[in-house]
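Return a 3D structure for these sequence lines:
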Amino acid sequence: MTPDRFFSLMLLLASRNAVTTQELASALGVSLRTVTRDLNWLRDAGLPVTAQRGRLGGVTMLPGSGPDLTRLTPGERDHLSLAGLDEKQRAELDAAVESRRALAKIAAAQLRRVDELLPLTDVVHVDSRPWLQARLSGTTPASLIGPVRRGRRLRITYDSPREPRPRDLVVDPYGLFAKAGTWYLVADFAREPRMYRLERITTWDEVDQPRRIRDNQTLAAVAAALIDQWEHNHAAVEVSATIDRAQIERARRILGQRLVQDDQEESTTGHRVRIHFPHLEDVRTLLPFGSAITVHGPAEARTHLGNLATALAHHYAPPPTS
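Reported below is the predicted structural model:
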């Protein structure tokens, strides 16, 4: 979300009791999908935005919780757009001081207006990094932010796991993108959009040429399109299954967005679901659930699971006795 759209959205929510996503999209000049993504971003950042379905419903911000943005400098407003990042990620961008200053001003204003409430920044903390993430080497966001903001081309050496050796590439950056605790450089290579994990960029140099990105493209739009493409390509196999009622929450935690629940009500047999996998081999993810998940189809998924279970049983079978 750009800083300008962030502040426009906040002002719209603060000035109305309830507003529909269609009204927000029209006012901001973006799609419904973009508005939905922006609202999710605000919730992830800890802002109390709620949505109510129905004819009298709409999107609202809890009374007295809208931040006072009038005291922020332009630089602080710019850095406030990073509020969805955790402290470590803001530090990686070398933006922690400005972000903390902007958030502190908002917190102070909140405390003055509603002195019986603790400021949101004291009671909500966001850490978007995955659990057990190893310490990684490679290019840091802070080292790249300068040439990216100057709009320069970059010559990078990229060590892709799909290539036998690192490649030297000249890319045209849109910007830096943090997804699930991992930093990416979003850039065009030969006029095609790509995402490069910073940890795999072993060396880089700023090219003395302005970037040559495609017309009418933004960082957010290109990143969203790349994510959609990646998720579509990694959902080639759809498994239909029933999950025992006692295991449905565990399945949601482990399988995440790959799991789509067909029925919202509990039944005597469990919950009917669809699970998406990039490859047939990946159905082995269901083995730890044992008989708590019953796969109905496709047939090759049932067969593959049966073969895996048989091989596992043979591997752990007790040795024959004489």
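
what about residue 215, neighbour count?
Burial measure for residue 215: 4 neighbouring residues, criterion other CB atoms under 10 Å. Using the backbone N, CA and C atoms, a C-beta is placed for each residue, glycine as well.

whoops, I mixed them up, residue 38
Using other CB under 10 Å as the criterion, the residues surrounding residue 38 number 21.

got it, and residue 262?
Here the count is done by other CB under 10 Å, and residue 262 has 11 residues near it.

go on, residue 162?
4.

For it, give its distance to residue 201.
Here residue 162 is placed at a distance of 15 Å from residue 201 (CB to CB, to the nearest Å).

my read: residue 21 touches residue 33, true?
No: with contact taken as CB atoms under 8 Å, residue 21 and residue 33 are classed as non-touching, separated by 9.7 Å.

if you count what's nearby, which of those two comes out ahead?
Between residue 21 and residue 33, counted using other CB under 10 Å, residue 21 has the larger neighbour count: 16 against 12.

strand partners of the longest strand along the chain, parallel vs antiparallel please.
If each strand of the chain is counted by residues according to DSSP state E, the longest one is strand 167-179. In the sheet, strand 167-179 lines up against strand 152-158 (antiparallel), strand 182-189 (antiparallel) (DSSP bridges).

Show residues contacting that strand.
Taking CB atoms under 8 Å, 6 or more residues apart in numbering as the criterion, the residues outside strand 167-179 that touch it are 85, 89, 93, 128, 141, 144-145, 147-148, 152-158, 160, 183-189, 193-196, 198, 207, 211-213, 217-219, 222-223, 227.

Let's see that strand as PDB, backbone CA atoms only.
As requested, the backbone C-alpha atoms of strand 167-179 are provided in PDB (Å, rounded to 0.1, in the frame of the first residue of the first chain):
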ATOM      1  CA  ARG A 167      23.800 -16.200 -13.000                       C
ATOM      2  CA  ASP A 168      24.600 -12.500 -13.600                       C
ATOM      3  CA  LEU A 169      21.500 -10.500 -14.400                       C
ATOM      4  CA  VAL A 170      20.700  -6.900 -15.100                       C
ATOM      5  CA  VAL A 171      17.200  -6.100 -13.600                       C
ATOM      6  CA  ASP A 172      14.900  -3.100 -13.400                       C
ATOM      7  CA  PRO A 173      13.600  -2.900  -9.800                       C
ATOM      8  CA  TYR A 174      10.100  -2.000  -8.700                       C
ATOM      9  CA  GLY A 175      11.100  -2.300  -5.000                       C
ATOM     10  CA  LEU A 176      11.500  -4.500  -2.000                       C
ATOM     11  CA  PHE A 177       8.800  -6.800  -0.800                       C
ATOM     12  CA  ALA A 178       8.500  -8.700   2.500                       C
ATOM     13  CA  LYS A 179       6.400 -11.900   2.400                       C
END
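
hey, what's residue 188 bridged with?
Under the criterion DSSP bridges, residue 188 forms beta bridges with residue 172, residue 193.

Going forward, count from 3.
Sounds good: first residue 3 from here, last item residue 190.

How confident was the prediction at it?
Per-residue confidence for residue 190 comes out at a pLDDT of 96.
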